[in-house]
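1. okay, sequence plus prediction incoming.
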Amino acid sequence: MAFRNEEDKKAYWSENLALLAKLLVVWFIVSFGAGIIFVDILNEIQFFGFKLGFWFAQQGSIYVFVALIFVYMAKMNAMDKRYGVDEE
């Protein structure tokens, strides 16, 4: 599991960090934004009988975090194959 050359290694890690930054921004927006900053606006909307802001603060951010793990896994598997460092 070695890179073909140094340029591929740098491109791989650059792409990996960019993906990680994007996913962290999404997680921040959902957990901090929807659960804390915009909670008053979102509480005007009902979701399964609960106020939406409360739901995001208690459950929604956890579901989004788990979904982001699966997105990261799928994107990294594709990136590993593209750069020739996959495990298969």
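-> Received the coordinates, thanks. What you are looking at is a predicted structure, and each value in this text was computed from that prediction instead of being measured. Numbering: from 1, shown residues only.
2. who's in contact with stretch 40-49?
-> A34, K51, L52, G53, F54, W55, F56 (C-beta atoms under 8 Å, 6 or more residues apart in numbering). To be clear about C-beta, it is placed using only N, CA and C from the backbone, and glycine gets the same treatment.
3. please redo it, this time with the cut-off set to 10 Å
-> Stretch 40-49 has contacts (C-beta atoms under 10 Å, 6 or more residues apart in numbering) with 33-35, 50-57, 59-60.
4. same deal with stretch 6-18?
-> Outside stretch 6-18, the residues touching it (C-beta under 10 Å, 6+ apart) are A2, F3, N5, Y72, K75, M76, M79, D80, R82, Y83, G84, V85.
5. in it, what counts as buried?
-> For stretch 6-18, the neighbour count (16 or more other C-beta atoms under 10 Å) marks Y12, N16 as buried.
6. before we move on, what about stretch 68-79?
-> Quick answer for stretch 68-79 (16+ other C-beta under 10 Å): L68, K75, M79.
7. before we move on, what about stretch 32-44?
-> Across stretch 32-44, burial judged by 16+ other C-beta under 10 Å covers A34, G35, V39, L42, N43.
8. what about the helices in this structure?
-> Shown for the chain, the helices assigned by DSSP state H span residues 6-28, 39-42, 52-55, 61-83.
9. weakest of the ones you listed by average pLDDT?
-> Note on those: helix 52-55 shows the lowest mean pLDDT, a mean of 84.
10. mind giving me the packing neighbours of that helix?
-> Contact partners of helix 52-55 among helices and strands, from 3 or more C-beta pairs under 10 Å, 6 or more residues apart in numbering; DSSP states H and E: helix 39-42, strand 46-47.
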